[in-house]
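[1] Have a look; sequence and predicted model below, questions after that.
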Amino acid sequence: MWKFHAVHHSIEHLDWLGTVRVHPLDQIFTKTCQMIPLYLLGFNAKSLSIYALFSAGIAFFIHSNIRLKFGLLKWVIATPEFHHWHHVNHPKVYNKNLAAQIPLLDWLFGTLYTSERQTPNRYGIPEQVPSDYFRQILHPFKGE
């Protein structure tokens, strides 16, 4: 699935619009993995709708270019301070800060990365992803 998700991670200037720079198949897969378990657990349509709105709001928030420190809140809910490290183009922090909403999950699974001294400064991925939408759609299907 990385080839599809790479479209999202290829952005080199992270801001709230990075939220919607996604491959449609990646988005379908991600939303299915989010919503089906909740549905199977018995959540009703109203609850799922509220969660979908919350999830979308958080996604725009964590990709925004807000440079504030959030204190203890950064452990309760994902913040830009937390999520921007997930997008850094540096091998040291690849596969870090994977939780979309609750950073404590990364702490529990050993994938948390934070830095009090630094802020992320280089986003993107080593591979080239086309900049225009239709070539991005085709990019994951190209053999390499």
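    Nice, thanks for sending it over. Numbering: from 1, shown residues only.

[2] Could you use CA atoms for every contact and neighbour count after this?
    Noted.

[3] and residue 106, what helix or strand is that in?
    Using DSSP states H and E, residue 106 sits within helix 104-109.

[4] mind listing what's buried in that helix?
    Within helix 104-109, the residues scored as buried using 16 or more other CA atoms under 10 Å are 104, 105, 106.

[5] now those in CSV, with pLDDT and distance to residue 42?
    Below are the buried residues of helix 104-109 laid out as CSV (pLDDT from 0 to 100; distance: CA to CA, whole Å):
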residue, pLDDT, distance to residue 42
104, 94, 25
105, 95, 23
106, 96, 26
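
[6] Next, name the residue at the spatial heart of the protein.
    With distances taken as CA atoms, centre = their mean, the residue of the chain nearest its centroid is residue 100 (6.1 Å).

[7] okay, the one helix or strand in the chain whose mean pLDDT sits lowest in CSV with CA atoms only?
    Least confident helix or strand of the chain, by mean pLDDT, DSSP states H and E, is helix 73-76 with a mean of 88. Extracted C-alpha coordinates of helix 73-76, given in CSV (Å, rounded to 0.1, in the frame of the first residue of the first chain):
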residue,chain,number,x,y,z
LEU,A,73,-2.5,18.0,25.2
LYS,A,74,0.1,16.6,22.7
TRP,A,75,-0.2,13.2,24.6
VAL,A,76,-4.0,13.2,24.4
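
[8] returning to that earlier point: for the residue nearest to the centre of the chain, which residues are in contact?
    By CA atoms under 8 Å, 6 or more residues apart in numbering, residue 100 lies in contact with 59, 78, 83.

[9] returning to that earlier point: make JSON lines from the buried residues of helix 104-109 and add distance to residue 23 to it.
    Below are the buried residues of helix 104-109 laid out as JSON lines (distance: CA to CA, whole Å):
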{"residue": "104", "distance to residue 23": "28"}
{"residue": "105", "distance to residue 23": "25"}
{"residue": "106", "distance to residue 23": "25"}
